[in-house]
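Chemist: Just a sequence and a predicted model for now, questions to come.
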Amino acid sequence: MSVMWTVKVVGLGVVALSLSVELVGWLLHRLRPKRTRNEVLFFPSKMACINHIFAPSSPQLCFCPLPHGVETSFSRLLRCILSASSSLDLCVFSFSNMDLSRAVLTLYSRGVTIRVLTDKDYAAITGTQIGVLRKAGICVRCDVDSVYMHHKFSVVDNRLLITGSLNWTRTAVQSNMENVIVTEDPDLVRPFIKEFQKLWLHNDPARYPYSSDPKPAHKATTPRTDKP
Ligand SMILES: [Zn+2]
């Protein structure tokens with residue numbers, strides 16, 4: 001009898017101990033601070049095929065001459081942008097990169113809400129993708145102030161900030177020395193959401209019925225010091 005009791009007590013003890021270990025593990029997991037995503041990308045980016053990024057679920061054979069299966073700064077950037085599931089707010093000075101345009105159009109076709117804010121002068125330069133986006137039905141607003149709208153940031157799903165020196169141009173991606181920070185830190189994301197909203201409302205065409213006029217001539221002739 002006493003042996004039976006001993007076995008039962010030991011058995012219960014083992015069960016209790018294992019449950020305690022499980023509970024402690026679960027509590028530690030819940031209490032552990034969640035890691036926020038932080039990433040830094042430098043450009044120019046190596047050249048590599050990015051076609052598979054647009055259709056990861058059904059990768060197709062690609063016979064283009066670029067290297068395949070290579071992760072680059074640009075492929076990382078594209079993945080961040082294409083991670084959008086509900087919204088993409090883009091505030092960029094110059095937008096002529098066709099791969100980035102393809103990414104925005106892909107998101108739009110998936111039902112992601114897109115808002116693009118850009119510089120009015122650079123919305124009309126040769127090779128710009130702004131007209132392509134507008135033609136597709138994407139909401140684009142151009143700044144109406146006499147100074148450059150020189151930002152280069154985007155916010156994905158109101159949670160992921162992509163910001164840095166990089167204009168959305170092929171030159172910036174393939175030739176220039178540029179930097180991009182990708183972060184989910186709410187303390188950094190929040191002010192950018194607020195700034196975008198402020199600029200978006202400020203540049204509402206309904207507030208400026210004659211906003212299709214070009215900017216003051218002095219702005220267009222101001223010597224430029226950067227190479228977007
Ligand atoms: Zn390829």
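Modeler: All right, it came through fine.
Chemist: so Arg79 makes contact with Ile53?
Modeler: Yes: with contacts counted by Cβ atoms under 8 Å, Arg79 reaches Ile53, the gap being 6.1 Å. Yep, even glycine has a C-beta here, placed from its N, CA and C like the rest.
Chemist: higher neighbour count, these two?
Modeler: Taking other Cβ atoms under 10 Å, Arg79 and Ile53 do not tie; Ile53 has more neighbours (20 against 15).
Chemist: Tell me how far the helix or strand hosting the more buried one lies from the chain's centre.
Modeler: Element membership for Ile53 (DSSP states H and E) is helix 51-54. Averaged C-alpha coordinates place helix 51-54 at 16 Å from its chain's average position (Cα atoms, centre = their mean, to the nearest Å).
Chemist: residue contacts, Gln197?
Modeler: Counting by Cβ atoms under 8 Å, 6 or more residues apart in numbering, Gln197 touches no other residue.
Chemist: Residue ranges in the protein under the pLDDT threshold?
Modeler: 1, 29, 31-34, 58-60, 208-228 (pLDDT under 70).
Chemist: Contact residues of it facing the ion?
Modeler: Cys49, Asn51, Cys62, Cys64 (Cβ under 5 Å from the ion).
Chemist: would the third one count as being in a helix?
Modeler: No: the assignment for Cys62 by DSSP: H, G, I helix; E, B strand; the rest coil gives coil, which leaves it out of any helix.
Chemist: helix or strand right after the helix or strand containing Val9?
Modeler: Applying DSSP H and E as the criterion places Val9 in helix 2-31. The helix or strand immediately downstream of helix 2-31 is strand 38-43, counting by DSSP H and E.
Chemist: Check which helices and strands that next one sits against.
Modeler: helix 73-82, helix 170-174, strand 178-183 (3 or more Cβ pairs under 8 Å, 6 or more residues apart in numbering; DSSP states H and E).
Chemist: got the angle between that strand and helix 73-82?
Modeler: Counting by axes from the mean of the first three to the mean of the last three Cα atoms, to 10 degrees, strand 38-43 points 130 degrees away from the direction of helix 73-82.
Chemist: Please spell out which residues along strand 38-43 are buried.
Modeler: Leu41, Phe43 (16 or more other Cβ atoms under 10 Å).
Chemist: and that strand, which strands flank it?
Modeler: According to DSSP bridges, strand 38-43 has the following sheet partners: strand 178-183 (antiparallel).
Chemist: quick one: contacts of the strand it pairs with?
Modeler: Residues contacting strand 178-183 (Cβ under 8 Å, 6+ apart): 36-44, 73, 76-77, 80, 160-166, 172, 189.
Chemist: chain center to that strand: distance?
Modeler: 10 Å.
Chemist: go on, stretch 56-76?
Modeler: Distance of stretch 56-76 from the chain centroid (Cα atoms, centre = their mean) equals 19 Å.
Chemist: which residues touch it?
Modeler: Contact with stretch 56-76 is made by 39, 41-43, 45-53, 99, 173, 180, 182, as judged by Cβ under 8 Å, 6+ apart.
Chemist: Type out the ChimeraX command that picks the buried ones from those.
Modeler: Remark: buried members of the contacts of stretch 56-76, expressed as a ChimeraX selection using 16+ other Cβ under 10 Å:
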select :41,43,45,49,50,53,99,173,180,182
